[in-house]
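*Asks:* give me the fold of what follows.
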Amino acid sequence: MSLITKVENLRDIEREGLVLVLDVSPPMHAIVPEMQKICSMLAIKKLIFGKYDEVGLVVFGTAETRNELTKEVGGYQNVTVMRDIKVVDGDLVEVLQPLPQGSASGDFLDAIIVAMDMLIKKYGPTNKGKKRLCLITNAASPVKDPFEGTKEDQVNTIASQMKASGMKMNCVIVRTKQDLDVNKRIMEENDLLLSTFSSKSSCKTVYVESATSLLGALRTRNITPVTIYRGDFELSSKLKIKVWVYKKTCEEKFPTLKKYSNKAPLTDKFATHEIKVDHEYKNIKDQNRTVPPDQRIKGYRYGPQVVPISSAEWEAVKFKPEKGVKLLGFTDTANIMRHYYMKDVNIFIAEPGNKKAILAVSALARAMKETNKVAIIRCVWRQGQQNVVVGVLTPYISEKDNVADSFYFNVLPFAEDVREFQFPSFSNFPSSMQPNTQQQEAADKLVSALDLAPPNKEEGLRPEFTPNLVLERFYRFLELKSRHPDAAVPPLDETLSRIREIDPELLSQNKSIIDEFRGCFEIKENPKLKKSSRRIIREKPSGSNEDVDVKDPDPIECMSSSEKIGDQNPVKDFEAMMLRRDSPAWVDKAIQGMKNKILYLVEKPCEGDRYEKTLECLVALRKACIIEQEVKQFNDFLIHLYKLCQEKGLLSFCEYIAAQHISLISKKESADSDVTEDESMNFYVKTET
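*Replies:* Here you go, the predicted structure:
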């Protein structure tokens, strides 16, 4: 067998035969532009990822009729074959733009039969599992009665033929608000017929309610699942289960962009136009001498010096774990937080055809589900892998009789990967920053009104039906550049812009709620520190008529009276200073200022509400130190303040704050504290003793 014949056979194995079956009848006219976009995107992705795939196009609901079955046996009216099944190319995108808008009723059963006939004539009994139909319709037009039997019998016959020929079908049912006003009896009957396809053949049916959801409803790229691990799941040295591990989800990335060379002759059909890059290593002392590979050695920087490490030394210190999956133990589901998950999701299934393994996996999964447990496991997917993965197995109990139970696997972080970000609770903020009842109610109404998953409606922007904006725009621009090399980047498509912007209809429906929320809050301009442009005039030397310019002082040092803790309302001034974030020095400045104010109030002559004012300042300082994680500062200051009061004979103030339960910040209140709760409660007692 020649090399060319082998390549052709490989292409036959890998290629997919696809027929697009599109409803262009009058009820679908509003959706036709979106169908153009999604089918064009499918063609573009096949040009990139499946250039040997073959695609045909059938539309139904047209005034004219053009298909082979009509010529051969008659019937199948208003069904038009716009493109025969052939290798995908740029012409397919041009055929799809624009799609015709038909004027007849759309019978989707006739269109499916025409598409099946095209696939059977093209491939015959070969290419099983690689033949696919894609139907997009609203299923709102009536289906004609067959010459013999019922519609259900006809659907059963078609489904059996699809299954015998190894065909698959994706069915996207678009139901907009306008479609709800048509005859519900027809839609219910058609839904029943389509559900028969799902139960009797390899057919997947999805329902969408908007043009945006339609863009993500059709699978535009086929990814063949490949196992990343096949082997034993070791529960103990004597108990092992044969499992296979697949990727369940993964991030879709940009296609690989390579450097292109136009040096190859245009007549060379087999030219790859790829650029090969070679690296040469030169001797530092003699730039004309090339260093051969056997004289090179890797070096690693350690401070200012470079430490050479040979290949043998590197192999000796390299960590080489054995391939395998081992159980480390079980833990409660509540102990593994959702935000611990890293990377992609894998799925663990029992080895296909292995009944003992299937029973073992099912028993383990159901036991874990009943006891609300998850498993922690250690994974090395392949021999020679340099890293070990630790993750969590979550049981998945199947609801279908023909689908076995399995596990979902998520990677857990190591200690070096964990980022502990502690955020203070909103309840710890001062009362002036807490919303009142009216503001809270207005905010609750706003959140409820702008809910993307309202009851009795389709969820807006469902992840499985929402395309990636960046990738969608990139692929469309790539297709445009292939036809017009000098084309500029077009504006964002209207349908895609609906994903990133708020729905205008939703906005107009809830205008009163939005206005109410806006009216509950006073909007002020955020004051920012500006560099002073003033000229500071110092005392001029005698006989000099020149102004002396100096640099602007540090803004922290040049605070106005409102930027200091004053005597009139020290707590309000302190809170205002703590909110400033234009310099990291404000927090320390505010805390130190409040400490000085408290000491001043304690030592000043007795005046009316001196103790009450000092207590307010102390409470504000304590709360702020908890929020800003400056616990040690407060605890040290309180100890210093108590000792100062004893030295000055101000025991009455100590008794006053003790009666108000102002004590050291304990570990219970803040994780940064070294003081236990008992030490905090007994602080004054121990000091007195």
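*Asks:* quick one: mean pLDDT for stretch 357-364?
*Replies:* Mean pLDDT, stretch 357-364: 95.
*Asks:* then stretch 393-413?
*Replies:* 92.
*Asks:* buried residues in it, which are they?
*Replies:* Buried residues in stretch 393-413, counted by 16 or more other Cβ atoms under 10 Å: 393-396, 404-412. All C-beta spots, glycine's among them, are computed from the backbone N, C-alpha and C.
*Asks:* go on, stretch 91-100?
*Replies:* Leu92, Val93, Leu96, Leu99.
*Asks:* you'd agree the first one is in a helix?
*Replies:* Yes: membership of Leu92 in a helix is supported by DSSP: H, G, I helix; E, B strand; the rest coil.
*Asks:* farthest-separated two in the buried residues of stretch 393-413?
*Replies:* Maximum pairwise distance in the buried residues of stretch 393-413, criterion Cβ to Cβ, is 25.3 Å, between Ala404 and Leu412.
*Asks:* against Leu18, how distant is the residue lying closest to Asp503 once chain neighbours are set aside?
*Replies:* Closest residue to Asp503 apart from its sequence neighbours, by Cβ to Cβ, 6 or more residues apart in numbering: Gly460 at 7.4 Å. Counting by Cβ to Cβ, to the nearest Å, the gap from Gly460 to Leu18 is 30 Å.
*Asks:* show me what Thr394 is bridged to.
*Replies:* Tyr408 (DSSP bridges).
*Asks:* picking up where we left off before, quick one: which of Gly460 and Leu18 has more around it?
*Replies:* Leu18 (26 against 20; other Cβ atoms under 10 Å).
*Asks:* just checking, which helix or strand of the protein averages the lowest pLDDT?
*Replies:* None of the helices or strands of the chain scores lower by mean pLDDT, DSSP states H and E than helix 3-14, at a mean of 44.
*Asks:* hmm, back to that, make JSON lines out of the buried residues of stretch 91-100 and add distance to Pro225 and pLDDT.
*Replies:* Shown next, in JSON lines, are these (distance: Cβ to Cβ, whole Å; pLDDT from 0 to 100):
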{"residue": "Leu92", "distance to Pro225": "27", "pLDDT": "89"}
{"residue": "Val93", "distance to Pro225": "29", "pLDDT": "87"}
{"residue": "Leu96", "distance to Pro225": "29", "pLDDT": "88"}
{"residue": "Leu99", "distance to Pro225": "33", "pLDDT": "90"}
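*Asks:* between these, which is closest to Ile591?
*Replies:* Val93 (65.4 Å).
*Asks:* can I assume the closest one is in contact with Ile44?
*Replies:* Yes: at 6.9 Å, Val93 counts as touching Ile44 under the criterion of Cβ atoms under 8 Å.
*Asks:* where do the contact lists of those two overlap?
*Replies:* Residues touching both Val93 and Ile44 (Cβ atoms under 8 Å, 6 or more residues apart in numbering) are Glu479.
*Asks:* and the strands in the stretch 151-300 of the chain, which stretches?
*Replies:* In the stretch 151-300 of the chain, the strands defined using DSSP state E, counting those that start in this stretch lie at 167-174, 202-208, 227-236, 239-249, 298-302.
*Asks:* tell me the most buried of those?
*Replies:* With neighbours taken as mean count of other Cβ atoms under 10 Å, those reach their highest mean count in strand 167-174, at a mean of 23.
*Asks:* before we move on, the earlier item: tell me which of the strands of the stretch 151-300 of the chain lies nearest to Pro570.
*Replies:* strand 298-302 (53.9 Å).
*Asks:* elements contacting whichever helix or strand comes after that closest one?
*Replies:* Moving toward the C-terminus from strand 298-302, the next helix or strand (DSSP states H and E) is strand 305-309. In terms of contacts (3 or more Cβ pairs under 8 Å, 6 or more residues apart in numbering; DSSP states H and E), strand 305-309 is packed against strand 298-302.
*Asks:* quick one: strands adjacent to the strand it packs on?
*Replies:* strand 305-309 (antiparallel).
*Asks:* what comes into contact with the partner strand?
*Replies:* Counting by Cβ under 8 Å, 6+ apart, Ile297, Lys298, Gly299, Tyr300, Arg301 sit against strand 305-309.
*Asks:* mind doing that once more with 6 Å?
*Replies:* Ile297, Lys298, Gly299, Tyr300 (Cβ atoms under 6 Å, 6 or more residues apart in numbering).
*Asks:* kindly report the same for stretch 137-154.
*Replies:* Contacts of stretch 137-154 (Cβ under 6 Å, 6+ apart): 23, 25, 27-28, 105-109, 173-174, 179, 182, 186-187, 190.
*Asks:* narrow these to those in helices?
*Replies:* Phe108, Leu109, Ile186, Met187, Asn190 (DSSP state H).
*Asks:* per-residue pLDDT, Arg476?
*Replies:* 90.
*Asks:* please disregard the earlier target; I meant Leu133.
*Replies:* pLDDT, read off for Leu133, is 93.
*Asks:* tell me the contacts of Cys617?
*Replies:* Pro570, Lys597, Ile598.
*Asks:* for those residues, which one is nearest Lys318?
*Replies:* Among the contacts of Cys617, and counting by Cβ to Cβ, the member closest to Lys318 is Ile598, at 60.6 Å.
*Asks:* tell me which element that closest one is part of?
*Replies:* Per DSSP H and E: helix 585-603 holds Ile598.
*Asks:* where along the stretch 301-450 of the chain do the strands fall?
*Replies:* Counting by DSSP E, counting those that start in this stretch, the strands of the stretch 301-450 of the chain are 305-309, 324-332, 342-350, 373-380, 389-396, 406-411.
*Asks:* mind putting these in JSON lines, distance to Arg483 included?
*Replies:* Below are the strands of the stretch 301-450 of the chain laid out as JSON lines (distance: least, Cβ to Cβ, whole Å):
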{"stretch": "strand 305-309", "distance to Arg483": "52"}
{"stretch": "strand 324-332", "distance to Arg483": "50"}
{"stretch": "strand 342-350", "distance to Arg483": "35"}
{"stretch": "strand 373-380", "distance to Arg483": "47"}
{"stretch": "strand 389-396", "distance to Arg483": "45"}
{"stretch": "strand 406-411", "distance to Arg483": "43"}
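*Asks:* which one, of those, ends up nearest to Glu64?
*Replies:* Between these, strand 342-350 lies closest to Glu64; by Cβ to Cβ that is 47.9 Å.
*Asks:* quickly run through the sheet partners of that closest one, with directions.
*Replies:* Here, using DSSP bridges, strand 342-350 pairs with strand 239-249 (antiparallel), strand 406-411 (antiparallel).
*Asks:* quick one: it to strand 373-380, angle?
*Replies:* Angle, strand 342-350 to strand 373-380, by axes from the mean of the first three to the mean of the last three Cα atoms, to 10 degrees: 100 degrees.
*Asks:* now do strand 342-350: everything it contacts.
*Replies:* 243-250, 357-358, 361, 406-411, 413.
*Asks:* for stretch 313-324, same thing?
*Replies:* By Cβ under 6 Å, 6+ apart, the list of residues contacting stretch 313-324 reads Val380, Arg382, Gln383, Val388.
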